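Visitor: Sequence and predicted model, in that order:
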Amino acid sequence: LESWRGWEKSCALPRVLEAFPFPSPPYSRHSMTRGNQRDVDRARAQARAAKHKKASKDENKARAKTQIASAEIMRQKGLLAAKKKQEEMKKKEIEEEKKKYIKFVRRMLSEFYRREAPEKLENLPKIMEKFEGKWDKLMKGLEKAYGEKAPNLTWEQFQVKKNKLNL
C-alpha cells in the first residue's frame, strides 16, 4: 500500500483505495494545494489589513483639522465659562459692597440720632426702608435740618471708613 501512494494521481487506483478504510494520502483531492493556500493567505492578509488599515495622508489631515476645530471649540467654551464666572464674582462683590454700605448708613444714622435726636432712633428702620437707594436725598434732608452736624453718607466716605468700622 505504501508504494501505491505516489502513484495515486497518475493511475486509477484512488478509486480502489477509496473503498478501503486506509488514511487518505497526503496529496488527495481533498487537501489544499500550495496555490490555493497562497490565495487563502492573501485573502486573510487583505482582511487583516482592511481591519487595521492605516489612514491616508488626506484622512490624517482631515482628522487633525477636526481635532483642532474641536479643541478650539472647547477653548472658547472654557473662556466663556471663565468670563461668566468672573461676572458672577463681580456681581457677588457688588452685592456684598451694597450690603456693607447699607450697614454703614445704618450705623452712621444710629450714631447720629443717638447724639442729636434720640427720639428718632426708634424710627430708624422706617427711615432706612423709606430712603433705601436714595441716600443722597436722605443726606440732603439731614443737612437741611441739622446743618454741619449731619452725617456724611457718601460712597466715598464709606470707602474711607469701611475698614475702620469692620464692615
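Guide: Right, received. Where do you want to start? In this text, all values refer to a predicted model and were calculated from it rather than measured experimentally.

Visitor: which strands and helices sit next to the longest helix that the chain contains?
Guide: As assigned by DSSP state H, the longest helix anywhere in the chain is helix 57-116. If you count contacts as 3 or more C-beta pairs under 8 Å, 6 or more residues apart in numbering; DSSP states H and E, helix 57-116 packs onto helix 124-130, helix 135-146, helix 155-161. For every residue, glycine as well, the C-beta is placed using N, CA and C.

Visitor: Which positions within the second one qualify as buried?
Guide: Taking 16 or more other C-beta atoms under 10 Å as the neighbour-count basis, helix 135-146 is seen to contain the buried residues 135, 138-139, 142.

Visitor: and for it, what are the contacting residues?
Guide: 105, 112, 116, 127, 131, 150-154 (C-beta atoms under 8 Å, 6 or more residues apart in numbering).

Visitor: quick one: residue 50 and residue 43, what's the gap?
Guide: From residue 50 over to residue 43 the distance is 11 Å, taken as C-beta to C-beta, to the nearest Å.

Visitor: again, but for residue 63
Guide: The gap separating residue 63 from residue 43 is 29 Å, by C-beta to C-beta.
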